[in-house]
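> generate a structure from the sequence data that follows.
(2 chains, ligands or ions: 2)
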Number of protein chains: 2
Amino acid sequence: MHYYVCLHQESTNSIPKLIQKAHANNYNVVATSINANMLPMDPQETDPTYPATVLSAVDWISKLIFQVSDVDVDSPNAKLREYSKAMLMRDVIWAEHLQTNGNIMVRLRGPNNDNLAEIINSRSKGNWFINVPITNPELASFEHRKDATESEIEEAQQVDPWNWWNELRFAIKHNARTKVVVELSDSDRPSRECVRRWLGEPIEAIIIPSSLFVLNRSNYYVLQKEWQTIVGHFISMRANIIISTKINDKSIGQYSEYIKKLISDHGDTHKLNSYENMLEIPLQPLFDNLDSYTYEIFETDPVKYKLYQEAIQQVLLDRVSEAEAKRKLTVVMVLGAGRGPLVRAVFNAAEIAKRKVRVYIIEKNPSAIRTLSNMVKTLWSKKDVHIFSKDMRDFSPPELADVLVSELLGSFGDNELSPECLDGALKLLKPDGVSIPCKSTSYINPIMSAVLHNNVSQLTSTVPAFDSGYVVLLKNIYHIDEPQALFEFTHPNRAAIIDNTRHKKLSFTAQKDCVLHGIGGYFDTVLYKNIILSINPLTHTPGMFSWFPMFFPTQPLTIKAGDTISIEFWRRVDAEKVWYEWRVCEPKESELHNPGGMGYNMRL
Amino acid sequence: MHYYVCLHQESTNSIPKLIQKAHANNYNVVATSINANMLPMDPQETDPTYPATVLSAVDWISKLIFQVSDVDVDSPNAKLREYSKAMLMRDVIWAEHLQTNGNIMVRLRGPNNDNLAEIINSRSKGNWFINVPITNPELASFEHRKDATESEIEEAQQVDPWNWWNELRFAIKHNARTKVVVELSDSDRPSRECVRRWLGEPIEAIIIPSSLFVLNRSNYYVLQKEWQTIVGHFISMRANIIISTKINDKSIGQYSEYIKKLISDHGDTHKLNSYENMLEIPLQPLFDNLDSYTYEIFETDPVKYKLYQEAIQQVLLDRVSEAEAKRKLTVVMVLGAGRGPLVRAVFNAAEIAKRKVRVYIIEKNPSAIRTLSNMVKTLWSKKDVHIFSKDMRDFSPPELADVLVSELLGSFGDNELSPECLDGALKLLKPDGVSIPCKSTSYINPIMSAVLHNNVSQLTSTVPAFDSGYVVLLKNIYHIDEPQALFEFTHPNRAAIIDNTRHKKLSFTAQKDCVLHGIGGYFDTVLYKNIILSINPLTHTPGMFSWFPMFFPTQPLTIKAGDTISIEFWRRVDAEKVWYEWRVCEPKESELHNPGGMGYNMRL
Ligand SMILES: C[S@@+](CC[C@H](N)C(=O)[O-])C[C@H]1O[C@@H](n2cnc3c(N)ncnc32)[C@H](O)[C@@H]1O
Ligand SMILES: C[S@@+](CC[C@H](N)C(=O)[O-])C[C@H]1O[C@@H](n2cnc3c(N)ncnc32)[C@H](O)[C@@H]1O
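Ligands and ions are numbered 1, 2, ... in the order given. Predicted coordinates for the structure are as follows:
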């Protein structure tokens, strides 16, 4: 993860010198007025403020964010409006000329931005950085005014600039080249929920005004603890940092040093980084054969196999008393053994528990069988172990099992068809036998994530992108409400008639105005008694990274604070496949996703 | 450009050890039998030759090319054929398991490869490296046979394994995941034309058998001069190197050292590398406004402006005698001045020639005008220079010009509408005035390039990709015949009725069997008298890189040695646009490309 720290100064008479100064003080980028300090006030004036040749193209492109003239293209005054539009267009064309695409930063001044949206829609290249104050900028003015009444202040506090951005976002049709730059202000500190909500937006950077820095006892500029936390949240969501100062500020080197420290504290760098917000099609280990690379990734999980081993050990101890240990054999079948880690867990558990086991390995992937056979011949040549290249649903065992051990779980629990496979393996189990796992439950919650929405929209697959569920390391998201349990499956399932279809409707409540972009999906599973694996954010098993969450997209829907969001979810089954359908019912009834499993289904 | 040098050894009993040995001897990759040395001869046998776990996934993926079992899936013997297919499929599935995608090397044994094609078509992932002998491998056997007759040998020499590959290529529908590995052989050295033809193919690597190396006087293994040249050609076309040796060869370190030296000699590393074979949409400087980055690239050409300056100097000297030098003013108009390099050339030329000039700068791009105005005010504040933000076609000059200087040339000469613009500027010129340039000519030739064909096929634009011309740094191509002149334009054009449409049919001859993939396009231009700029490969101006060639795609067509290839080309004009149409008429009449300019046109 690479961050930039950008120096923002409004007026300079030399962009190259500003860049030099910024570099000397450890900034990578500068943000400044596109007209430098020679602003021609007539939009028709092509007279140069400076020639393109003062910087090389690569410097223009990589080192500058252009702040366009601070004009009001949505002014109610027609003359001012037309003048402003001409000024903005002139700046945009110059930025596009200098930067090929152009990184254009423009400030939102209030709720009406229709003309701005029109201009953004009219340009086919360039990145727009929309500068939005995190709280109502009017509040700042009250500090200097003694005459402001309580109710005036309260009213101003009601104004939420997030709504300005939200309306603009819809007006520009969620244009992926448009990002947010959130501007902090020393006049008002945003609430925790307000910060969390921004984390669901496509954030390019935050602007920290130099006035937010205070001197500590050693005479160094730092941020107060509360601001530090807020900035830390943004950094951990990959926001870049823009520090805004007066042109003659002597402490800019201290600010950047401090911020770089914050970045190294908060910008986690674990190796799964590259998966953040990336939509992946869920695996289908039943229908497809997994490759070695995928198995290898499974096997690196430091927690999953330890908990399996504990569960197996517990079952062995529960089923065979100390007294019987020497002669009573426990038959364990590992269903879907992959490259063998659960087999190893069984042998480890037996050794620690001092119980005798016979292991049957069942696996339907012939390439995995090649590796397993080798292990049986070498590693486990002294063990009581038997290998079968079989689908567990078609397997006729030489004897019945005391324990079935399997890991057929997807990010949404049942989405790799663990219920169907384990139902098919019921005939392998003794009447009093147990299954590890014995229960699994899926969870969902409503999510705001403009980044995921854009990623879904940009998929050009043959199936409609909004009818598919995705596996994704959720990063830039706002949890609108906490997850709730959806579907549950227990094993072994000895019901006379087995029905693995499900249907449920769940209701959630929004705390703040926001946009619903989709549904997060998670699961937990009880391996045995109180030994549990969970990727539910509320109870996530520490250190376990085998499963990323699911994301089920819906069409963007603006939500008001206090709104109830109801979501209906189906698990459907026919002779060849299993699939989910989902629909948002409240606050507004919306389309049914993936009807008939046309977009996304799991082949039986 | 990164090359790999790969060690190929057929039998090993440990892949990890083979990799270790290869690394120790400076090879990056190994190619070996997928079954190591424990080849199970029964395709149903899933018994392991080795488990997937002997290497990490990243090593499997990055360090191995798998040679599949050398079976004949196209054998006329039905039993052998079915057995071979089962063996090959087993190998392919194992390769895909180990490598996620799989780099599978398979040897062509003769002209019939229908079943192989079917298998390749049936797999949706993995890269296929098709091992093709550069000359008929049968020739090798004659060396050991005393009884071969002259006519037998001659017949064998007629067999051209390129044709085996060519048929396979059509049968797999030009699948872009399939590349060629050309195998050299010490029994026969290929002709120059044979080598050149392979350079138009999608080459992954060449195989050099260790027997090709000979000891030099210092007792080092080297290639003979002729082989050195051949290998050098392949390297400069970005082929990787596979060295094939016996398992106990003690000199493998010397081979790799020698090859790395050859690579550093032949693998040119100029900074335009990254553009090789990349299709770019031609610029439209008349309709669009160029950005600063593009101008900057123009300006780095070390040759173009020098030649312009010489041409201007020559004109000044020709028009103004030594005696008149002090008082006679030459009016020079720079039409389309960009960021000013031609203006600079005029001032330099005037200074060297010691002649007086007045310069009019005409440019229609308002952003370029910003930079030019600044230059006029600073750099050229003491000069007789006047700037006009105008389209040259609409410009009313205060006086007429002695010389028009322009550079409105595209890779195909007239494709940036230089004829139309200069015709529009005729009214600016004195009756005896001159234009620099005064003539430009386009050239075409037939080209084989599987790589460009694949690149065109993979374009998913809204317009049909085969109806567009592209600017491209031609690298992996075979010139089927030399370029010939196509269209010519002269300036000033004082014809009563100006007609810039053109039509011509040109005929070429193929020297070898090959595939026609498209048409190369080039131009040259006479600036003044004998001062010429050329990108015609036969006369290319040394060191000039402002223009890459054009490529006009056609549908792949197999050509026989001696065939006539006729190509018909049109330049068409209507009120709004100019466009080309092209068609192959011989050896087979094929479709008309870009009818009506629907795919690619230049807006007036
Ligand atoms: C998620 S992987 C787990 C592999 C291994 N136990 C581990 O934890 O690394 C599921 C495995 O079950 C296998 N599998 C899935 N359905 C199966 C079935 N019906 N019969 C046999 N094996 C199955 C797959 O081929 C795959 O190897
Ligand atoms: C290929 S560029 C050459 C620029 C510059 N002379 C150089 O060599 O770097 C062509 C220039 O001509 C300008 N141009 C093209 N057509 C024009 C027209 N009809 N009138 C005025 N300028 C034109 C373009 O805007 C562009 O700046």
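> pretty sure A:Gln484 contacts A:Lys504?
No - at 9.4 Å, A:Gln484 and A:Lys504 do not qualify as touching, with contact defined as C-beta atoms under 8 Å. In this view, the C-beta of every residue, glycine as well, is placed from N, C-alpha and C.
> gap between the residue most central in space within chain A and ligand 2?
What sits nearest the mean C-alpha location of chain A, by C-alpha atoms, centre = their mean, is A:Leu474, with 1.9 Å. In this structure, A:Leu474 and ligand 2 are 47 Å apart, going by C-beta to the nearest ligand atom, to the nearest Å.
> check contacts around that residue.
A:277, A:447, A:449, A:452, A:520, A:548-549, A:551 (C-beta atoms under 8 Å, 6 or more residues apart in numbering or on different chains).
> how about A:Arg197?
With C-beta under 8 Å, 6+ apart as the criterion, the residues that contact A:Arg197 are A:162, A:448, A:478, A:512, A:514.
> that one sits in which helix or strand?
A:Arg197 is located in helix A:192-198, with elements delineated by DSSP states H and E.
> strands of the stretch 1-150 of chain A, residue ranges please.
Secondary structure of the stretch 1-150 of chain A (DSSP state E, counting those that start in this stretch): strands at A:5-8, A:29-33, A:64-67, A:103-107, A:127-133.
> so in terms of bridging, what pairs with the nearest residue in space to A:Tyr27 that is not next to it in sequence?
Once flanking residues are discounted, A:Tyr27 sits nearest to A:Leu7: 4.2 Å by C-beta to C-beta, 6 or more residues apart in numbering or on different chains. Beta-bridge pairing of A:Leu7, defined through DSSP bridges, involves A:Val30, A:Ile243.
> what about A:Leu7, distance to ligand 1?
According to C-beta to the nearest ligand atom, A:Leu7 stands 49 Å off from ligand 1.
> isn't that residue right next to A:Asn28, touching?
No - the pair A:Leu7 and A:Asn28 fails to qualify as a contact (C-beta under 8 Å) at a distance of 9.1 Å.
> give me the common contacts of these two.
In terms of C-beta under 8 Å, 6+ apart, A:Leu7 and A:Asn28 are both contacted by the residues A:Ala22.
> check contacts around A:Tyr27.
The neighbours of A:Tyr27, taking C-beta under 8 Å, 6+ apart as the test, are A:5-7, A:243, A:252, A:256.
> which one of those residues is nearest to ligand 1?
Ranked by distance to ligand 1 (C-beta to the nearest ligand atom), the contacts of A:Tyr27 are led by A:Val5 at 42.2 Å.
> show me the contacts for that closest one.
Taking C-beta under 8 Å, 6+ apart as the test, what A:Val5 contacts is A:26-29, A:240-243, A:256, A:259-260, A:263.
> state the distance from it to A:Ile61.
Counting by C-beta to C-beta, to the nearest Å, the gap from A:Val5 to A:Ile61 is 18 Å.
> rewinding a little: can you name the two of the contacts of A:Tyr27 that are farthest apart?
Using C-beta to C-beta, the two most remote members of these are A:Cys6 and A:Ile252, lying 11.3 Å apart.
> burial count for the residue of chain A found nearest ligand 1?
The nearest approach of chain A to ligand 1 comes at A:Gly336, 2.2 Å away (C-beta to the nearest ligand atom). One way to gauge burial is a neighbour count; for A:Gly336, by other C-beta atoms under 10 Å in any protein chain shown, it gives 25.
> if I look at it, how far off is A:Met602?
In this structure, A:Gly336 lies at 15 Å from A:Met602, with C-beta to C-beta as the measure.
> now A:Asp432
31 Å.
> more neighbours: those two, which one.
A:Met602 (23 against 7).
> what's the nearest residue to that one if we skip its chain neighbours?
Nearest residue to A:Met602, sequence neighbours excluded (C-beta to C-beta, 6+ apart): A:Val578, at 4.7 Å.
> A:Ala31 reaches A:Ile241, doesn't it?
No - between A:Ala31 and A:Ile241 there is no contact under C-beta under 8 Å: 11.1 Å.
> overlap in contacts of these two?
The contact sets of A:Ala31 and A:Ile241 overlap at A:Cys6 (C-beta under 8 Å, 6+ apart).
> more neighbours, the two?
Taking neighbours as other C-beta under 10 Å, A:Ala31 and A:Ile241 compare with A:Ala31 leading, 26 against 23.
> wait, what's in contact with the more buried one?
So A:Ala31 contacts A:6-9, A:64-67, A:105, A:242, A:244 (C-beta under 8 Å, 6+ apart).
> ok, 7 Å please
When contacts are counted by C-beta atoms under 7 Å, 6 or more residues apart in numbering or on different chains, A:Ala31 touches A:6, A:8, A:65, A:67, A:105, A:242.
> those residues: which two are farthest apart?
A:Cys6 and A:Gln67 (11.1 Å).
> mind listing the strands for the stretch 151-300 of chain A?
Counting by DSSP E, counting those that start in this stretch, the strands of the stretch 151-300 of chain A are A:178-183, A:203-209, A:213-215, A:221-223, A:240-244.
> confirm A:Val578 sits in a strand?
Yes - residue assignment for A:Val578, taken from DSSP: H, G, I helix; E, B strand; the rest coil, places it within a strand.
> wait, it sits on A:Arg603?
No - the pair A:Val578 and A:Arg603 fails to qualify as a contact (C-beta atoms under 7 Å) at a distance of 8.4 Å.
> higher neighbour count, these two?
Of the pair A:Val578 and A:Arg603, A:Val578 is the one with more neighbours under other C-beta under 10 Å, namely 22 against 13.
> now do the contacts for the more buried one.
Per C-beta under 7 Å, 6+ apart, neighbours of A:Val578: A:417, A:420, A:571, A:601-602, A:604.
> name the surrounding residues that touch the lowest-mean-pLDDT helix or strand in chain A.
The weakest-scoring helix or strand in chain A, judged by mean pLDDT, DSSP states H and E, is helix A:138-144 (a mean of 71). When contacts are taken as C-beta under 7 Å, 6+ apart, the neighbours of helix A:138-144 outside the stretch itself are A:148, A:153, A:156-157, A:159, A:185, A:187-188.
> farthest-separated two in those?
A:Ala148 and A:Ser185 (16.4 Å).
> looking at the two, which is more packed in?
Taking A:Ala148 and A:Ser185 together and counting by other C-beta under 10 Å, A:Ser185 has the greater number of neighbours (19 against 15).
> next one: phi and psi at the more buried one?
Dihedral angles of A:Ser185 (phi, psi; degrees, to the nearest 10) stand at phi -150, psi 140.
> I'd say it and A:Pro133 touch.
Yes - counting by C-beta under 7 Å, a contact exists between A:Ser185 and A:Pro133, whose distance comes to 6.1 Å.
> mind telling me which residue of the stretch 301-450 of chain A is nearest ligand 2?
The minimum distance from the stretch 301-450 of chain A to ligand 2, using C-beta to the nearest ligand atom, falls at A:Ala450 (37.8 Å).
> what's the closest non-adjacent residue to that residue?
For A:Ala450, ignoring the flanking residues on the chain, the nearest one in space by C-beta to C-beta, 6+ apart is A:Pro202 at 4.7 Å.
> contacting residues around the one you found?
Listed by C-beta under 7 Å, 6+ apart, the contact partners of A:Pro202 are A:179-180, A:450-451, A:454.
> run the last query once more with 8 Å
Listed by C-beta under 8 Å, 6+ apart, the contact partners of A:Pro202 are A:176, A:178-180, A:450-451, A:454, A:476.
> wait, which of the residues you listed is closest to chain B?
Set against chain B, the nearest of those by C-beta to the nearest C-beta is A:Ala176 (18.0 Å).
> about what we covered before: need the overlap of contacts for A:Cys6 and A:Ile252.
Both A:Cys6 and A:Ile252 are in contact with A:22, A:27, A:243, where contact means C-beta under 8 Å, 6+ apart.
> mind putting the contacts of helix A:138-144 in CSV, pLDDT and distance to ligand 1 included?
As requested, the contacts of helix A:138-144 are exported to CSV (pLDDT from 0 to 100; distance: C-beta to the nearest ligand atom, whole Å):
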residue, pLDDT, distance to ligand 1
A:Ala148, 74, 62
A:Ile153, 79, 57
A:Ala156, 79, 55
A:Gln157, 79, 51
A:Val159, 87, 51
A:Ser185, 92, 50
A:Ser187, 82, 53
A:Asp188, 81, 50
